[in-house]
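Q: Starting from these lines, generate the structure:
(one chain, ligands or ions: 1)
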Amino acid sequence: MTVTVNGLEEIKALAGRDLGPGEWLEITQERVNAFADATDDHQWIHVDPERAKDGPFGTTIAHGYLTLSLIIPLFSRLLEIKGVRMSINYGLDRVRFPSPVKVGSRIRLAGKVVSVEEVAGNGVQMVLDFTVEVEGSDKPACVARAIYRHYA
Ligand SMILES: C/C=C/C(=O)SCCNC(=O)CCNC(=O)[C@H](O)C(C)(C)COP(=O)(O)OP(=O)(O)OC[C@H]1O[C@@H](n2cnc3c(N)ncnc32)[C@H](O)[C@@H]1OP(=O)(O)O
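A: Model prediction:
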């Protein structure tokens, strides 16, 4: 279910709220290959299924940074923000990849809004803890604390 908020006051009211988990997304070899091309990172554990059969995971796995980047589209399905002039991705405080994402497996995103505080320039800073789950694994694929700013 997508939560929709309108304007800074409604964003502030999100503090402490859980978002998601959202829908599952399958990680395909095509997506991993496209990320490898975009970032010029063609390590065999990601793009060589034949060699990866004998590797530590028994198959190819997603780049950790691909899993991290997929937070952006998966988050857009959890929270829709209206009534702001501009939103900025300010950065990340902590990121870990506790569990590999095997190609062909599915991931989904959950988030918790840690805090929302006013910042200069008629804006708010929103801090979220994200968890990317991988289907069938106790350990998440990625945990990350992300910081956004929204300006009215
Ligand atoms: C060149 C690029 C290559 C790639 O892109 S490779 C693909 C991306 N990377 C991976 O797939 C790595 C997968 N991760 C692992 O295989 C393992 O991970 C490690 C072998 C790297 C380390 O394992 P262990 O020493 O047993 O540590 P832990 O239990 O996995 O914890 C690692 C950090 O993750 C946090 N963590 C674990 N489970 C959770 C959870 N359920 N919720 C929140 N955080 C969790 C922990 O606290 C810790 O963090 P703290 O480093 O700060 O101590």
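
Q: just the helices in the protein please.
A: 8-12, 29-39, 44-47, 49-52, 64-69, 71-76 (DSSP state H).

Q: how about the ones you listed, which one is nearest the ligand?
A: helix 64-69 (3.0 Å; Cβ to the nearest ligand atom). Any C-beta I mention is one placed from the backbone N, CA and C, and that applies to glycine too.

Q: can you give me the offset of the closest one from its chain's centre?
A: 7 Å (Cα atoms, centre = their mean, to the nearest Å).

Q: could I get the helices of the chain as TSV with mean pLDDT and mean neighbour count?
A: Shown next, in TSV, are the helices of the chain (pLDDT from 0 to 100; neighbours: other Cβ atoms under 10 Å):
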stretch	mean pLDDT	mean neighbour count
helix 8-12	98	17
helix 29-39	98	14
helix 44-47	98	17
helix 49-52	98	13
helix 64-69	98	18
helix 71-76	97	16
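
Q: Those helices: which one's closest to residue 101?
A: Distance to residue 101, taken as Cβ to Cβ, is lowest for helix 64-69 among the helices of the chain, at 5.4 Å.

Q: who touches the residue positioned nearest the centre of the chain in this structure?
A: Among the residues of the chain, the one closest to the centroid is residue 71, at 1.8 Å (Cα atoms, centre = their mean). Taking Cβ atoms under 8 Å, 6 or more residues apart in numbering, we find residue 71 in contact with 109, 130, 132, 142, 144, 146.

Q: what about 7 Å?
A: The contact partners of residue 71, taken as Cβ atoms under 7 Å, 6 or more residues apart in numbering, are 109, 130, 132, 144.
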